[in-house]
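A.B. asks: Next comes the sequence, and after it the predicted model I'd like to discuss.
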Amino acid sequence: MSEVDDTPRSYSGALLAAIAVALLLGVGGLIWSYTLNTRLTGQEAALADAKQQNVKLASDLRETDARLKVATEELGNSLGLTQKQMDARAQEILQREQREEEAAKRLESAQKQTAQAVTAVTNDVSSVKTDVGGVKTDLGKTQSDLATTISQLTSMKGDLSDHSSLIARNHDELELLKHKGDRNYYEFTLAKGQRKPVGTVSLELKKADAKKNRFTLVVLSDDKQYEKKDRNVNEPLQFYSGKDPQLFEIVVNSVGGKNSQISGYLTTPKGAPVPPTVQ
């Protein structure tokens, strides 16, 4: 009898549990339905309000269009223009504004390009200034070195005057004198018995003694002849030449060679005549 009694009780518990779950689901469904209904009601109210706003805006737009049309007609009538002419005029204004906007954009672009170009030129100028500064420094050093070297050259008096002048004892020192730029210089090599034009004069070697470094030289200038007899190497030999006589000078740097030749240079004032081949 106990087993029979327990079975109905088990069925009754399961039924009660099922009923409880169903009640909970029902209550949850009701709550969800209520919440959804509330949201839908709110959305419908918002939609209705938006529709009302759209209706109002549409009404305002129609009113504005009507007023604008009236104003346009009144303006056209006052100016004696038709609607077609007004439309054409409006189109012209729009096109002009568009052109002005495009022109403004082009101007802005050109200004940017100009600014970039100016920046580039400024950078180039700065670079050039730096290079020029370096060149000036190098030039200053070169001039200083040149002045120092020239100051070390030998100064001797000539055979005709008490004037002392710097002389070059070799080709390198002669190049230094040329850099001063205050006189003309003509180098020469002359063999014994040879007459040779040098600058605007002619020179003839009469005698050369390599052992004693002495020589005898004849100078022909302005149809005159000057003999420089038994002179020494690196001795300034002076004479006057030209329509307005100016002091010329010859310096012989070496005597020797198998042909008993001499080598040296002729120097003339900067304003003295020059030979036709030297221009």
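C.D. replies: Perfect, I can see it now. Residues are numbered from 1 along each chain as shown.

A.B. asks: Sketch out the low-pLDDT regions of the chain for me.
C.D. replies: 1-11, 65, 70-81, 83, 129, 131-136, 138-152, 161, 277-279 (pLDDT under 70).

A.B. asks: just the helices in it please.
C.D. replies: In the chain, the segments counted as helices under DSSP state H are 2-79, 83-151, 171-180.

A.B. asks: ranking these by burial, who's on top?
C.D. replies: Mean neighbours per residue, mean count of other CB atoms under 10 Å, is largest over the helices of the chain for helix 171-180, with a mean of 14. C-betas here are computed from N, CA, C, even on glycine.

A.B. asks: Just the CA trace of that one, in PDB.
C.D. replies: Taking C-alpha atoms only, helix 171-180 is exported to PDB below (Å, rounded to 0.1, in the frame of the first residue of the first chain):
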ATOM      1  CA  HIS A 171     110.700  81.400 -62.900                       C
ATOM      2  CA  ASP A 172     108.700  80.800 -59.700                       C
ATOM      3  CA  GLU A 173     109.600  84.100 -58.200                       C
ATOM      4  CA  LEU A 174     108.700  85.800 -61.500                       C
ATOM      5  CA  GLU A 175     105.200  84.200 -61.300                       C
ATOM      6  CA  LEU A 176     104.800  85.900 -57.900                       C
ATOM      7  CA  LEU A 177     105.700  89.200 -59.300                       C
ATOM      8  CA  LYS A 178     103.300  88.700 -62.200                       C
ATOM      9  CA  HIS A 179     100.500  88.200 -59.600                       C
ATOM     10  CA  LYS A 180     101.100  91.700 -58.300                       C
END
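
A.B. asks: from memory Phe248 sits against Val198, does it?
C.D. replies: No. In this structure, Phe248 is not within contact of Val198 by CB atoms under 8 Å, at 10.2 Å.

A.B. asks: Select, out of the helices of the chain, the one closest to Val233.
C.D. replies: Comparison of the helices of the chain against Val233 by CB to CB identifies helix 171-180 as nearest, at 13.6 Å.

A.B. asks: distance between the closest one and the chain's centre?
C.D. replies: 37 Å (CA atoms, centre = their mean, to the nearest Å).

A.B. asks: ok so, going back, which stretch among the helices of the chain comes nearest Gln225?
C.D. replies: Gln225 lies closest to helix 171-180 among the helices of the chain, at 26.3 Å (CB to CB).

A.B. asks: Count residues in the vicinity of Ile167, would you?
C.D. replies: Neighbour count of Ile167, defined by other CB atoms under 10 Å: 22.

A.B. asks: For it, which non-adjacent residue is closest in space?
C.D. replies: Nearest non-adjacent residue to Ile167, counting by CB to CB, 6 or more residues apart in numbering: Val251, 5.0 Å away.

A.B. asks: For that neighbour, list each beta-bridge partner.
C.D. replies: Here Val251 sits in beta bridges with Tyr265, going by DSSP bridges.

A.B. asks: To what extent is it buried, counted in neighbours?
C.D. replies: Neighbour number of Val251 under other CB under 10 Å is 21.

A.B. asks: how about it, what does it touch?
C.D. replies: Ile167, Ala168, Asn234, Glu235, Pro236, Leu237, Gly264, Tyr265, Thr267 (CB atoms under 8 Å, 6 or more residues apart in numbering).

A.B. asks: Ok, Tyr226 next?
C.D. replies: Neighbours of Tyr226 in contact, by CB under 8 Å, 6+ apart: Val218, Val219, Leu220, Phe239.

A.B. asks: Looking at the contacts of Val251, state which has the most neighbours.
C.D. replies: Gly264 (27 neighbours).
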